[in-house]
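Chemist: Sequence plus the predicted model coming up.
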Amino acid sequence: MGLRLGSNRKLALLAILLLTPLLSGCGQDFLLLKPAGPVARTEMHLMERAAIPMGIVILFVIVLLAIVVIRFRDTPDNKAPYTPDWHGSKRLETIWFVIPVLILAFISVPMVKQTFKLAKVPVTSGDPITIDVVSIDWKWLFEYPGQKVATVNYVKIPVNTPVLFELTAYSPMNTFWVPQLGGMEYTMPGRVLPLWLQASYAGVYTGRSANFSGSGYAKMIFSVDAVSSSQFQSWISQVASTASPLTGPEYQSLLQQDLVQTQTYYGYPSYTFPSQLNGFTLNGGMYIASPLPSKKSTSA
C-alpha cells in the first residue's frame, strides 16, 4: 500500500524542511505551506508527494555515507574487505536504476495530470470574475472590466468564486504570485497570460513580485482581500458611488518608476490595459488566447 498523503502531512513537511534547510533564516510564517484555496491546496499536495520520496532518498544516502565512512575508513585495525578488482554487481545496478525510475513515475504522473487539470477554470454557474492585471514599475494595477472598477496595489475578490486574472506588463517582465492561493505566472509586455485562483476562506493574502525588475521590485507587494459575495457587491456599489475615475494624467503618473499607496477608481480609460485586444475565450474549460491583431489591421 502506498503512503496516504492526507495522513502524512507531518512527514511531508519534515521532508520539505529537510530539502530546504535555508528556510530557517526566512522567518516563521511560511505562507507557501498554508494553502487557502483549491489551486494552492493541489500544489501543496504535489509538493508533499514529491518531498516524501526525495526526503527518504536523502536520508538513505546519508545513512549509506555514514556506513561507508565508518566501515571503510583507513585505519590499521580495519577488518573491511579490500577488493580493488571489483567490477560491479548487475543486481545492484538494476536496483538503483529501477528505483529512481519508479520514484520519477510516482512524482511525474500526478504532476502532469494535475498541471493540465489546473489549466482549466472550473465554471459552475456563469463565467468567473475577470480581473485585468498590469505590472508597472513598481506597482500593480488591477481592473475589473465587468464592474468598471480599478485599484492599485490591492485587489478584492469574493470567496469560493474562481477569479481569472489576465496578466500583462507595461514595463519589464515580472511575475504575479499569491503564495497562499496558487502558483506564479509571468507578466509580459504585449502578451496576456491567464491565471485562475480561488480563495476558500475570507482573509487578506499577500501577493508579490517574484522577478527582479529594478531597485523597487522588493517592495512591489499587493494584498488580496477575500470577502463574502455580499460584501464584494457592497464594495462595488460603494466604489461606484464614492470613487472618482482614473484620468489620463493620473495614469501617466502611475507609469513613473516609483512606489505608491493603495488607490481605488471607478472608471478608467480603455487604453490602460496594453494588450486588451488579446483577450481570452472559454473553450471546454480552457481559456484560449485570441490572436494578436496583425500590423496591417492595427495600423488601419
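Modeler: Noted; the coordinates are in hand. Residues are numbered from 1 along each chain as shown.
Chemist: where does the protein dip in pLDDT?
Modeler: With pLDDT under 70 as the threshold, the chain has low-confidence stretches at 1-29, 84, 123-127, 274-300.
Chemist: quick one, helices of it?
Modeler: 9-19, 38-71, 90-118, 229-242, 248-254, 295-299 (DSSP state H).
Chemist: closest to P172 out of those?
Modeler: When those are compared by CB to CB, helix 248-254 sits nearest P172, at 15.5 Å. Bear in mind the C-beta positions are built from the backbone N, C-alpha and C, glycine included.
Chemist: Show me which positions of that closest one end up buried.
Modeler: Applying a neighbour-count criterion of 16 or more other CB atoms under 10 Å, one finds 251, 254 buried in helix 248-254.
Chemist: What residue spans form the domains of the chain?
Modeler: Per the record, the chain has its domains at 5-74+87-118, 129-278, by automatic domain parsing.
Chemist: Which of those has the highest mean neighbour count?
Modeler: Across the domains of the chain, averaging neighbours per residue (mean count of other CB atoms under 10 Å) puts domain 129-278 on top, at a mean of 18.
Chemist: Now find how far off-centre it is within its chain.
Modeler: In terms of CA atoms, centre = their mean, to the nearest Å, the centre of domain 129-278 is found 15 Å from the chain centre.
Chemist: Can you pull the phi and psi angles for T247?
Modeler: The phi and psi values for T247, taken as degrees, to the nearest 10, are phi -90, psi 170.
Chemist: gap between it and G267?
Modeler: 9 Å (CB to CB, to the nearest Å).
Chemist: To P145, which of the helices of the chain lies closest?
Modeler: Nearest of these to P145, taken as CB to CB: helix 229-242 at 12.7 Å.
Chemist: show me where the stretch 151-300 of the chain has strands.
Modeler: Remark: strands assigned in the stretch 151-300 of the chain by DSSP state E, counting those that start in this stretch are 154-158, 163-169, 174-177, 185-187, 193-197, 203-209, 221-227, 263-266, 280-283, 286-289.
Chemist: Skip the chain neighbours and tell me the closest residue to the spatially most central residue of the chain.
Modeler: In the chain, the centroid-proximal residue (CA atoms, centre = their mean) is G183; its distance is 1.3 Å. Ranked by CB to CB, 6 or more residues apart in numbering and with sequence neighbours excluded, the top spatial neighbour of G183 is E43, at 5.8 Å.
Chemist: A169 too?
Modeler: T187 (4.0 Å).
Chemist: about what we covered before: and of the helices of the chain, who's closest to F176?
Modeler: Closest of those to F176 is helix 38-71, at 13.1 Å (criterion: CB to CB).
Chemist: who does the closest one touch, helix- and strand-wise?
Modeler: Counting contacts by 3 or more CB pairs under 8 Å, 6 or more residues apart in numbering; DSSP states H and E, helix 38-71 packs against helix 9-19, helix 90-118, strand 193-197.
Chemist: Just put the ones you listed in CSV and tack on distance to Q252.
Modeler: What follows is the helices and strands packed on helix 38-71, written out as CSV (distance: least, CB to CB, whole Å):
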stretch, distance to Q252
helix 9-19, 45
helix 90-118, 37
strand 193-197, 25
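Chemist: Please name whichever of the ones you listed is nearest to V178.
Modeler: V178 lies closest, by CB to CB, to one member of these: strand 193-197, at 6.3 Å.
Chemist: Can I get the strands of the stretch 151-300 of the chain in a markdown table including distance to L92?
Modeler: Formatted as a markdown table, the strands of the stretch 151-300 of the chain follow (distance: least, CB to CB, whole Å):
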| stretch | distance to L92 |
| --- | --- |
| strand 154-158 | 54 |
| strand 163-169 | 49 |
| strand 174-177 | 43 |
| strand 185-187 | 44 |
| strand 193-197 | 46 |
| strand 203-209 | 47 |
| strand 221-227 | 52 |
| strand 263-266 | 65 |
| strand 280-283 | 51 |
| strand 286-289 | 46 |
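Chemist: Which among the ones you listed is found nearest to M47?
Modeler: Distance to M47, taken as CB to CB, is lowest for strand 174-177 among the strands of the stretch 151-300 of the chain, at 15.2 Å.
Chemist: and the closest one, which strands flank it?
Modeler: strand 185-187 (antiparallel), strand 203-209 (antiparallel) (DSSP bridges).
Chemist: on that earlier part again, ok, which of the helices of the chain comes nearest K139?
Modeler: Closest to K139 of the helices of the chain is helix 248-254 (CB to CB; 6.6 Å).
Chemist: end-to-end on stretch 151-168?
Modeler: Using CA to CA, to the nearest Å, the span of stretch 151-168 from its first residue to its last is 15 Å.
Chemist: now stretch 244-252
Modeler: Terminal residues of stretch 244-252 lie 16 Å apart, using CA to CA.
Chemist: and if you look at stretch 161-179?
Modeler: End-to-end distance of stretch 161-179 (CA to CA): 18 Å.
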